[in-house]
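Peer 1: Everything below, folded, please.
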Amino acid sequence: MSPAPTASPDMLAVLTVIEMLLYGIFFVLLFILVIGIAWLRVTRQQLKLVVKAQEIKQFQAQASVLLAEAQYDQLKQICSERLERSPGDASAYYYLGICHFRCREYVEAKRRFDALVKLDATWKKVAASHLEEIEVALKKSKPMLVDGDR
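Peer 2: All right, here's what the predicted structure looks like:
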(Lines give C-alpha, C1' and ligand atoms only; values in the text may rest on other atoms or scores of the structure.)
Protein backbone atom coordinates (compact mmCIF):
# COMPACT_ATOMS: atom_id res chain seq x y z
CA MET A 1 0.00 0.00 0.00
CA SER A 2 1.13 3.45 -0.82
CA PRO A 3 0.82 6.31 1.60
CA ALA A 4 -2.14 8.78 1.15
CA PRO A 5 -1.18 11.93 -0.69
CA THR A 6 -1.03 15.00 1.50
CA ALA A 7 -1.97 18.45 0.34
CA SER A 8 0.71 21.04 0.48
CA PRO A 9 0.00 24.36 2.19
CA ASP A 10 0.19 26.14 -1.19
CA MET A 11 -2.40 23.76 -2.62
CA LEU A 12 -4.76 24.39 0.35
CA ALA A 13 -4.36 28.15 -0.06
CA VAL A 14 -5.22 27.93 -3.77
CA LEU A 15 -8.27 25.74 -3.04
CA THR A 16 -9.43 28.18 -0.34
CA VAL A 17 -9.13 31.10 -2.76
CA ILE A 18 -11.06 29.17 -5.42
CA GLU A 19 -13.75 28.30 -2.87
CA MET A 20 -14.10 31.95 -1.83
CA LEU A 21 -14.25 33.06 -5.46
CA LEU A 22 -17.00 30.52 -6.15
CA TYR A 23 -18.98 31.78 -3.13
CA GLY A 24 -18.46 35.35 -4.33
CA ILE A 25 -19.67 34.49 -7.83
CA PHE A 26 -22.68 32.68 -6.34
CA PHE A 27 -23.68 35.69 -4.22
CA VAL A 28 -23.18 38.12 -7.11
CA LEU A 29 -25.40 35.98 -9.32
CA LEU A 30 -27.98 35.70 -6.54
CA PHE A 31 -27.92 39.49 -6.11
CA ILE A 32 -28.35 40.01 -9.86
CA LEU A 33 -31.27 37.58 -9.85
CA VAL A 34 -32.99 39.40 -6.97
CA ILE A 35 -32.47 42.79 -8.64
CA GLY A 36 -33.79 41.39 -11.93
CA ILE A 37 -36.93 40.01 -10.28
CA ALA A 38 -37.57 43.33 -8.50
CA TRP A 39 -37.07 45.23 -11.76
CA LEU A 40 -39.50 42.91 -13.56
CA ARG A 41 -42.16 43.45 -10.88
CA VAL A 42 -41.82 47.25 -11.08
CA THR A 43 -41.88 47.15 -14.88
CA ARG A 44 -44.96 44.93 -14.84
CA GLN A 45 -46.77 47.32 -12.49
CA GLN A 46 -45.86 50.29 -14.68
CA LEU A 47 -47.05 48.44 -17.75
CA LYS A 48 -50.38 47.69 -16.06
CA LEU A 49 -50.78 51.40 -15.28
CA VAL A 50 -50.00 52.35 -18.88
CA VAL A 51 -52.49 49.78 -20.20
CA LYS A 52 -55.15 51.01 -17.78
CA ALA A 53 -54.58 54.63 -18.82
CA GLN A 54 -54.81 53.62 -22.47
CA GLU A 55 -58.07 51.74 -21.83
CA ILE A 56 -59.51 54.83 -20.13
CA LYS A 57 -58.52 57.05 -23.07
CA GLN A 58 -60.04 54.61 -25.56
CA PHE A 59 -63.25 54.40 -23.54
CA GLN A 60 -63.50 58.19 -23.27
CA ALA A 61 -62.90 58.63 -27.00
CA GLN A 62 -65.53 56.04 -27.88
CA ALA A 63 -68.02 57.46 -25.36
CA SER A 64 -67.45 60.99 -26.65
CA VAL A 65 -68.16 59.93 -30.23
CA LEU A 66 -71.31 58.04 -29.24
CA LEU A 67 -72.52 61.03 -27.22
CA ALA A 68 -71.87 63.42 -30.11
CA GLU A 69 -73.74 61.10 -32.47
CA ALA A 70 -76.64 60.69 -29.99
CA GLN A 71 -76.10 56.90 -29.91
CA TYR A 72 -77.51 56.70 -26.38
CA ASP A 73 -78.33 53.00 -26.25
CA GLN A 74 -74.80 52.07 -27.30
CA LEU A 75 -73.37 54.61 -24.89
CA LYS A 76 -75.37 53.15 -22.00
CA GLN A 77 -74.14 49.70 -22.95
CA ILE A 78 -70.44 50.57 -23.09
CA CYS A 79 -70.69 52.57 -19.85
CA SER A 80 -72.38 49.66 -18.09
CA GLU A 81 -69.74 47.26 -19.39
CA ARG A 82 -67.00 49.64 -18.29
CA LEU A 83 -68.48 49.86 -14.79
CA GLU A 84 -68.64 46.06 -14.58
CA ARG A 85 -64.91 45.85 -15.40
CA SER A 86 -63.89 48.98 -13.46
CA PRO A 87 -66.52 49.85 -10.83
CA GLY A 88 -64.71 53.03 -9.79
CA ASP A 89 -64.38 54.58 -13.23
CA ALA A 90 -65.54 58.17 -12.79
CA SER A 91 -65.68 58.89 -16.51
CA ALA A 92 -68.15 56.03 -17.02
CA TYR A 93 -70.44 57.56 -14.38
CA TYR A 94 -70.08 60.94 -16.07
CA TYR A 95 -70.98 59.71 -19.54
CA LEU A 96 -73.81 57.60 -18.18
CA GLY A 97 -75.17 60.62 -16.32
CA ILE A 98 -75.03 62.77 -19.45
CA CYS A 99 -76.64 60.01 -21.47
CA HIS A 100 -79.53 59.59 -19.02
CA PHE A 101 -80.01 63.34 -18.93
CA ARG A 102 -80.23 63.59 -22.70
CA CYS A 103 -82.69 60.68 -22.72
CA ARG A 104 -84.76 62.67 -20.18
CA GLU A 105 -84.22 60.00 -17.55
CA TYR A 106 -83.62 62.65 -14.94
CA VAL A 107 -83.85 60.55 -11.79
CA GLU A 108 -81.29 58.08 -13.15
CA ALA A 109 -79.07 60.94 -14.35
CA LYS A 110 -79.18 62.50 -10.88
CA ARG A 111 -78.29 59.15 -9.33
CA ARG A 112 -75.26 58.80 -11.63
CA PHE A 113 -73.97 62.31 -10.95
CA ASP A 114 -74.45 61.90 -7.20
CA ALA A 115 -72.47 58.64 -7.38
CA LEU A 116 -69.80 60.41 -9.42
CA VAL A 117 -69.29 63.09 -6.76
CA LYS A 118 -69.16 60.48 -3.98
CA LEU A 119 -66.65 58.49 -5.97
CA ASP A 120 -64.34 61.35 -6.94
CA ALA A 121 -64.70 64.83 -5.43
CA THR A 122 -62.67 66.39 -8.25
CA TRP A 123 -65.76 66.00 -10.45
CA LYS A 124 -67.91 68.04 -8.03
CA LYS A 125 -67.89 71.26 -10.08
CA VAL A 126 -68.74 69.45 -13.33
CA ALA A 127 -71.45 67.38 -11.67
CA ALA A 128 -72.94 70.39 -9.87
CA SER A 129 -73.81 72.18 -13.09
CA HIS A 130 -75.48 69.05 -14.46
CA LEU A 131 -77.30 68.44 -11.19
CA GLU A 132 -78.72 71.97 -11.37
CA GLU A 133 -79.97 71.32 -14.91
CA ILE A 134 -81.48 68.03 -13.75
CA GLU A 135 -83.31 69.74 -10.87
CA VAL A 136 -84.74 72.34 -13.27
CA ALA A 137 -85.80 69.61 -15.69
CA LEU A 138 -87.38 67.59 -12.89
CA LYS A 139 -89.35 70.58 -11.67
CA LYS A 140 -90.61 71.28 -15.19
CA SER A 141 -91.56 67.68 -15.89
CA LYS A 142 -92.90 66.55 -12.54
CA PRO A 143 -93.61 69.46 -10.23
CA MET A 144 -95.66 67.37 -7.80
CA LEU A 145 -92.83 64.91 -7.23
CA VAL A 146 -90.25 67.63 -6.67
CA ASP A 147 -92.24 70.22 -4.71
CA GLY A 148 -94.26 67.67 -2.76
CA ASP A 149 -96.97 70.16 -1.84
CA ARG A 150 -99.55 69.26 -4.48
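
Peer 1: tell me which element the most centrally placed residue in the chain falls in.
Peer 2: In the chain, the centroid-proximal residue (CA atoms, centre = their mean) is K52; its distance is 5.1 Å. Secondary structure from DSSP states H and E places K52 in helix 9-68.

Peer 1: next structured bit after that helix?
Peer 2: helix 72-85.

Peer 1: and that following helix, what other elements does it pack with?
Peer 2: When contacts are defined as 3 or more CB pairs under 8 Å, 6 or more residues apart in numbering; DSSP states H and E, helix 72-85 sits against helix 9-68, helix 90-102. From N, CA and C alone the C-beta is placed, and that goes for glycine too.

Peer 1: Of those helices, flag the one that's most buried.
Peer 2: helix 90-102 (a mean of 22; mean count of other CB atoms under 10 Å).

Peer 1: ok, now which ones touch the residue nearest to Y93 when sequence neighbours are not counted?
Peer 2: The shortest distance from Y93 to any residue other than its chain neighbours is 4.0 Å, reached at L116 (CB to CB, 6 or more residues apart in numbering). Shown in contact with L116 (CB atoms under 8 Å, 6 or more residues apart in numbering): A90, Y93, Y94, G97, W123, A127.
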